[in-house]
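1. Provided below are the primary sequence and the corresponding predicted coordinates.
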There are 4 protein chains.
Amino acid sequence: MTEHAGKPIRIAVAGASGYAGGEVLRLLLGHPSYADGSLVIGALTAGGNAGSTLGSHHPHLLPLADRVLEDTTVDTLSGHDVVFLGLPHGNSAQYAKDLPESTVIIDCGADFRLTNAEDWERYYKSPHAGSWPYGLPELPGAREKLAGATRIAVPGCFPTVSSLAMAPAVAAGVVEPRVTIVAVTGASGAGRAPKADLLGSEVMGSVRAYGVGGVHRHTPEIIQNLSELAGERVTVSFTPVLAPMPRGILATCTAVTTATEDEVRAIYEKAYADEPFVHVLPQGVLPQTGAVIGSNAVQIAVTVDADAGQIVVIAVIDNLAKGTAGGAVQSMNLALGLPETAGLSTVGVAP
Amino acid sequence: MTEHAGKPIRIAVAGASGYAGGEVLRLLLGHPSYADGSLVIGALTAGGNAGSTLGSHHPHLLPLADRVLEDTTVDTLSGHDVVFLGLPHGNSAQYAKDLPESTVIIDCGADFRLTNAEDWERYYKSPHAGSWPYGLPELPGAREKLAGATRIAVPGCFPTVSSLAMAPAVAAGVVEPRVTIVAVTGASGAGRAPKADLLGSEVMGSVRAYGVGGVHRHTPEIIQNLSELAGERVTVSFTPVLAPMPRGILATCTAVTTATEDEVRAIYEKAYADEPFVHVLPQGVLPQTGAVIGSNAVQIAVTVDADAGQIVVIAVIDNLAKGTAGGAVQSMNLALGLPETAGLSTVGVAP
Amino acid sequence: MTEHAGKPIRIAVAGASGYAGGEVLRLLLGHPSYADGSLVIGALTAGGNAGSTLGSHHPHLLPLADRVLEDTTVDTLSGHDVVFLGLPHGNSAQYAKDLPESTVIIDCGADFRLTNAEDWERYYKSPHAGSWPYGLPELPGAREKLAGATRIAVPGCFPTVSSLAMAPAVAAGVVEPRVTIVAVTGASGAGRAPKADLLGSEVMGSVRAYGVGGVHRHTPEIIQNLSELAGERVTVSFTPVLAPMPRGILATCTAVTTATEDEVRAIYEKAYADEPFVHVLPQGVLPQTGAVIGSNAVQIAVTVDADAGQIVVIAVIDNLAKGTAGGAVQSMNLALGLPETAGLSTVGVAP
Amino acid sequence: MTEHAGKPIRIAVAGASGYAGGEVLRLLLGHPSYADGSLVIGALTAGGNAGSTLGSHHPHLLPLADRVLEDTTVDTLSGHDVVFLGLPHGNSAQYAKDLPESTVIIDCGADFRLTNAEDWERYYKSPHAGSWPYGLPELPGAREKLAGATRIAVPGCFPTVSSLAMAPAVAAGVVEPRVTIVAVTGASGAGRAPKADLLGSEVMGSVRAYGVGGVHRHTPEIIQNLSELAGERVTVSFTPVLAPMPRGILATCTAVTTATEDEVRAIYEKAYADEPFVHVLPQGVLPQTGAVIGSNAVQIAVTVDADAGQIVVIAVIDNLAKGTAGGAVQSMNLALGLPETAGLSTVGVAP
């Protein structure tokens, strides 16, 4: 089933030395289609790291340690059935143009996430490249667009967790369209380019806010997702906080409500009843990012603070897995007609 | 000046083997009155740890390492000019009753923080002991009540940072009286009693929410502080998040506003212009807990998200220092007529 | 092949709420025999945690979250083909006696590791229970004894990494029989019983030595392994160091040598050429525990410091995986005649 | 006493935006001579960071946050009584030459630590600049050379802790002259220049070895110190290990001995009886780096493993404090005739 006319599916990963690329490879190495040979890992490419071995960047990917990284070019990426792009934003459009339309391109970057050109230009200060089917199958209507798609925009990590946290309440209209989100993230979300303020000495033993006041680029993406569900403009106050851990996001999402906790819980349990990766926690149980590390799971706690008149939804994901590479592989499975959960787990690595 | 009729001030610390007690001692060891001999450290007491040395619990307090912990009793605490209480809640009232009225009792616990008996009983499930002058001098009117006081209730760590973060905006009436707070804290805030979910293996590499939906005991204390400033009931949605670090709190506080950032900044800069420990950060600079570790400083960033129509105030403190022991020593200084900043610093230990 | 007369293999885990038990379950959930139904997870038992759900202890094991823990008794463990024991030492002998001889018992505890009764009694202060086939297949002669075994002693985490680090050099006789080992470990190695000195606040931001001077119970096990290979008594100075991370061990092993680095490297490369989990790193590459988290891999760097006349071998494992549960599952595979690597990976979760 | 002819001592710090420079400033801000005005902080200089404020690099140094960094030149450093150099190695000689001989230059870099030109050239691949009085007063004979000195080489962090750990045993001749050291360090020891392998995501949750096999540049410095004490060449196998914490070093030092633990302990207690910063721990107590963070203390545990016939000495310091800036300020105190302990504490910040 996973073969195209009897030939194995060939996969390339651009940006293989980065965190997104490395996580895509980690998941592919555990994919059953890789194990049975119907999926093969082809070109691994990089920018400045071309020429070095994958092992020098990702010593945890032992089976591919000796692979040499090639330059990221249309040439090296050609001849593959699936191409994952883990590139700085603004670089995906050229590959989308020059690779065959039949190639499944899965962009872990931001270029094709926003539908509104003005939003793009305001937040990214560059021309808008367009928009592609959105790789968050759990949103109403999204899964259908991903089946057979050959161009997929993987959501940002914060929009993934925030949208899944608020989607049922917003879609059901039980909250006012004004959402406040504080999302605590691990450091890998900031990528692997060396910066002084991301050094271990700076990150450990400290939390800090960044991108406060609506300036973070994931803000318009969250607004886009929630507004579409609400059928009206939803305002979002979004504050990301950097915590001393490599992976994981915990998003605390609040909005004014008059509904009871029972009503809201019922809405969430119904919305996610058939979702393989989204787990609504029992009453009184609160999520921790440590429980989803390495997995594609989303764990959500739904509470209503009656005194404050607010819903408080707390959701956790692994930003590199469900928030990036897991979402990408899940999308690939849908695009290729593979089982959606193939190679993805709800079992985390803890402690 | 720091002597009572020429005799040095004698200080006792109850609960000396815990984190609050240890931090009080750390600060006293660096206090100029300790250095010049006008303040001496008397009885150090504990519950289950009585009989062991202080060094076996706090190897960082080398000058006191050989001190043996006594039982916490009225007897052992008697004969001191100042008694710091770092006890589980519900235990302070008896010492308040049996120690002389002239003894300065500084309670790091919760017993005397809440003025409203119903709030106390709802959150603590026990009879209300009363309320004492509140050890947060930066709140309007508080400093005056601390001068010469002999009974002082040190605020909770979350109420300290949250109240200072929102006080100017709430007092000025530029926000709606509905505040949402997400506060990320280090693990020492949970105390030193061994619990499986506070083990290093559980805490590291993970963040988790706890006490969601208004159930955390610091919620009514924040409401009390902000409501008094507002002159009306302020509702507070408060969510604490545990992060993998020993110390520090970063509180993200939001509320609806129609004011501009410039207007709000002006209010904060004026409110804290003369405060030695509260620092309003320049525009565009965001705080990190790492910058205040070990210090009594509060660093605050004030922003307005015009799109979302919300003020976003981010404040950081060291939960053990300004959030507990630092606030306690600052209160002691005021009570004794010492310089308010004696033994307290705005210089953190970083990285 | 993995079925016994057509019926699936039933597996019980005693001590399922602990770290070893949880990790065994994590690995079993990813085992291909679990996926194809030929291996089923039966009773999960605990001591004091009996009656609670597995999910309340291991929220990362979502597929088993609702399972209720039973009491650890011969009764609850009966009727299984394989029983993993993750119990405090001294508790395994009774189950070994009362469960059928045909039941494959895999003891993650220490009870049956030491062959010498005096060593046991000196270090564990209790009667010696005996010794079982040793679950470290990479040691010369060990794999053969595990095939078809029904009683298996899983090695300690430090002996696993230390023995694999020094075995080739000791067996080849290129070092003096006096080995110095300093092994830095994550906190999960200390188990999940709550202790004040293992609290997150104590562990984070600090490293500390413990069990210095040969008193750690893993010392005689390392001596046993290396002495057998050397054919003479090897003395071992072993110092464990606790580092602020949940998982992983990095062991630095030194001994006097007159051999060159090329000679020593050749010995190691030959010794481990066919081992699926042991990877000798290329010259100049040093290992990090982060590369093996969640995996069964052992990464080893071999160097000779000619100035000091010493071999320096650095090896890393995941203490819970290869160091405990991974070794246990690898041993189970051998005992049952399954492929040795089934359900085990050389791919770690990083960063 | 701390004034030169009634004028305050003017201090400049070159490399003020780095970790060493920041820590020197932190200590100076707490120095009693700064408090009484007899010591003032003059020029703060930097390389690429010149022109920015100190607060943008060290937000924990609030009192100096608005200071603008100047270029590091002879001109900006002139006119000061004391100049601390926190520069990359190879840069100190020019300032030593061009600043007046009467200026007290305290070099936190490596340039003037090694007395042997061949050692320097082998490890640093550049011409040897010479050697200065060595800023480790606790070594026999060192304190005398620092009194009144105007050129001081601050020891490396690993040599500081390793030399103090082994000095008494080596000087007393109770160990064979072959020492094995494994030293676990926090990340700040690697400095603040951004490198991918020092990113928080890489450092957290992982330990790794580096500079194995005698290639670390601190190796010849340790050999130099111990050999001088032994009166013969001491070989040193030195392995540094990077742990996920910002600060602290724990060094495990072993050597063959025939002495008993009592004999060795007596030697250490006598050697350090009068040292204000070196604390030999009681028998059975092991050190942790967390106890010395921010302090100038050295805590040492002395044990003998009779089975292995080895001494095992474990010592901890704060690499930035006693290991760099604390040692520098201690040396400054001696050079200026101030009390040696002024501005330095044995009280750490914990947890």
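-> Looks like it came in fine. Numbers count the residues shown, from 1 in each chain, chains lettered A, B, ... in the order given.

2. What's the first helix or strand after the strand or helix carrying A:Cys253?
-> For A:Cys253, the host element (DSSP states H and E) is strand A:249-256. Later in the chain than strand A:249-256, the nearest helix or strand by DSSP H and E is helix A:261-271.

3. Which elements pack onto that next one?
-> The helices and strands touching helix A:261-271, judged by 3 or more CB pairs under 8 Å, 6 or more residues apart in numbering or on different chains; DSSP states H and E, are helix A:157-172, strand A:278-280, strand A:298-305. In short, each C-beta sits where N, CA and C put it, glycine included.

4. who's in contact with that helix?
-> A:167-169, A:171-172, A:174, A:257, A:280, A:283, A:300, A:302-304, A:306, A:311, A:313, B:213 (CB atoms under 8 Å, 6 or more residues apart in numbering or on different chains).

5. can you check stretch A:144-156 too?
-> A:96, A:101-108, A:110-113, A:131-137, A:163, A:217-218, A:221, A:225, A:323-324, A:327-328, A:331-332, A:334-335, A:337.

6. just so I have it, where are all the helices in chain A?
-> Under the criterion DSSP state H, chain A carries helices at the ranges A:19-29, A:32-35, A:74-77, A:92-98, A:117-124, A:142-146, A:157-172, A:200-203, A:219-230, A:261-271, A:326-336.

7. Minimum distance to chain B, which residue of the stretch 51-200 of chain A gives it?
-> A:Val182 (3.8 Å; CB to the nearest CB).

8. Report the contact partners of A:Ser331.
-> A:Ile106, A:Gly135, A:Pro137, A:Leu146, A:Ala149, A:Ile152, A:Val154.

9. Relative to A:Asp107, how far out is the last one?
-> For A:Val154, the distance to A:Asp107 equals 6 Å [CB to CB, to the nearest Å].

10. Quick check on these two: which one has the bigger neighbour count.
-> Between A:Val154 and A:Asp107, A:Val154 has the larger neighbour count (other CB atoms under 10 Å in any protein chain shown), namely 32 against 29.

11. Please indicate which of the contacts of helix A:261-271 are buried?
-> A:167-169, A:171-172, A:174, A:257, A:280, A:300, A:302-304, A:311, A:313, B:213 (16 or more other CB atoms under 10 Å in any protein chain shown).

12. which of these sit farthest apart?
-> Farthest pair in these (CB to CB) is A:Ala171 and B:Gly213. Separation: 21.9 Å.

13. Contacts only, for A:Thr257.
-> Going by CB under 8 Å, 6+ apart, the list of residues near A:Thr257 reads A:Ala169, A:Val174, A:Val175, A:Glu176, A:Val264, A:Val304, A:Gly309, A:Gln310, A:Ile311.

14. So which bits of the least confident helix or strand in chain A by mean pLDDT are buried?
-> Ranked by mean pLDDT, DSSP states H and E, the weakest helix or strand in chain A is helix A:92-98, scoring a mean of 91. Neighbour counts over helix A:92-98 (16+ other CB under 10 Å) mark A:Ser92, A:Ala93, A:Tyr95, A:Ala96 as buried.

15. nearest to chain D, of these?
-> The nearest one, if we look at those relative to chain D and count by CB to the nearest CB, is A:Ser92, at 22.9 Å.

16. Could you double-check that the closest one lies in contact with A:Ile106?
-> No: contact criterion CB atoms under 8 Å: A:Ser92 and A:Ile106 do not qualify, at 10.1 Å.

17. Overlap in contacts, those two.
-> By CB under 8 Å, 6+ apart, the residues touching both A:Ser92 and A:Ile106 are A:Leu85.

18. Show me which residues of chain A sit near chain D.
-> With the criterion set to CB under 8 Å from any CB of the partner chain, chain A comes near chain D through A:19, A:186-188, A:192-196, A:198-205, A:244-247.

19. Filter those down to just the buried residues.
-> Applying 16+ other CB under 10 Å to these flags A:19, A:186-188, A:192, A:198-205, A:244-247 as buried.

20. Where does the stretch 101-250 of chain A get nearest to chain B, residue-wise?
-> A:Ser206 (2.9 Å).

21. Count the residues that sit near A:Arg143.
-> A:Arg143: 17 neighbours (other CB under 10 Å).

22. Pull out the buried positions in stretch A:72-87.
-> A:Thr72, A:Thr76, A:Leu77, A:His80, A:Asp81, A:Val82, A:Val83, A:Phe84, A:Leu85, A:Gly86, A:Leu87.

23. Which residues are in contact with A:Val104?
-> So A:Val104 contacts A:Asp81, A:Val82, A:Val83, A:Ala149, A:Thr150, A:Arg151, A:Ile152, A:Met332, A:Ala335, A:Leu336 (CB under 8 Å, 6+ apart).

24. Do you know the pLDDT at the residue lying closest to it once chain neighbours are set aside?
-> Computed as CB to CB, 6 or more residues apart in numbering or on different chains, the closest residue to A:Val104 that is not its neighbour in sequence is A:Val82, at 4.5 Å. Looking at A:Val82, its pLDDT reads 98.

25. Make sure A:Val82 is actually in contact with A:Leu338.
-> No: applying CB under 8 Å as the test, A:Val82 and A:Leu338 come out as separate, 10.8 Å apart.

26. Close to chain C: what parts of the stretch 101-250 of chain A are there?
-> Counting by CB under 8 Å from any CB, the residues of the stretch 101-250 of chain A near chain C are A:Ser188, A:Met204, A:Gly205, A:Pro246, A:Arg247.

27. Out of the buried residues of stretch A:72-87, which sit inside strands?
-> Judged by DSSP state E, strands contain the following of the buried residues of stretch A:72-87: A:Val82, A:Val83, A:Phe84, A:Leu85.

28. Show the low-confidence segments of chain A, by residue range.
-> A:1-5 (pLDDT under 70).

29. Residue most distant from the centroid, it?
-> A:Asp307 (34.2 Å; CA atoms, centre = their mean).

30. Report the spatially closest residue to it, excluding sequence-adjacent ones.
-> Nearest one to A:Asp307, counting by CB to CB, 6+ apart, is B:Gly214 at 4.9 Å.

31. swap in A:Pro137?
-> That would be A:Arg143: by CB to CB, 6+ apart, it lies 4.0 Å from A:Pro137.

32. so the one you found makes contact with A:Leu136?
-> No: between A:Arg143 and A:Leu136 there is no contact under CB under 8 Å: 9.1 Å.

33. returning to what we had before: how about the residue of the stretch 101-250 of chain A closest to chain B, phi and psi?
-> phi -150, psi 140 (degrees, to the nearest 10).

34. can you count the residues close to it?
-> 30.

35. in the stretch 51-200 of chain A, what residue is nearest chain D?
-> A:Gly200 (3.1 Å).

36. cool, the stretch 201-350 of chain A as well?
-> Closest point on the stretch 201-350 of chain A to chain D, by CB to the nearest CB, is A:Val203, at 3.1 Å.

37. Can you give me every residue that contacts the nearest residue to that residue once chain neighbours are set aside?
-> Closest residue in space to A:Val203, ignoring its immediate chain neighbours: D:Gly200 at 3.1 Å, by CB to CB, 6+ apart. Contacts for D:Gly200 (CB under 8 Å, 6+ apart) come out as A:Ala187, A:Leu198, A:Leu199, A:Gly200, A:Glu202, A:Val203, A:Met204, A:Pro244, A:Pro246.

38. redo that, cut-off 7 Å
-> A:Ala187, A:Leu198, A:Leu199, A:Gly200, A:Val203, A:Met204, A:Pro244 (CB atoms under 7 Å, 6 or more residues apart in numbering or on different chains).

39. Could you report the distance from the closest residue to A:His80 other than its chain neighbours to A:Ile41?
-> Ranked by CB to CB, 6+ apart and with sequence neighbours excluded, the top spatial neighbour of A:His80 is A:Ala12, at 4.1 Å. From A:Ala12 over to A:Ile41 the distance is 8 Å, taken as CB to CB.

40. Quick check: can you list the domain ranges of chain A?
-> Split into domains by the TED database, chain A comes to A:8-153+A:321-334, A:156-315.

41. mind checking how far the last one is from the chain centre?
-> Using CA atoms, centre = their mean, to the nearest Å, the distance from the centre of domain A:156-315 to the centre of the chain it belongs to is 13 Å.
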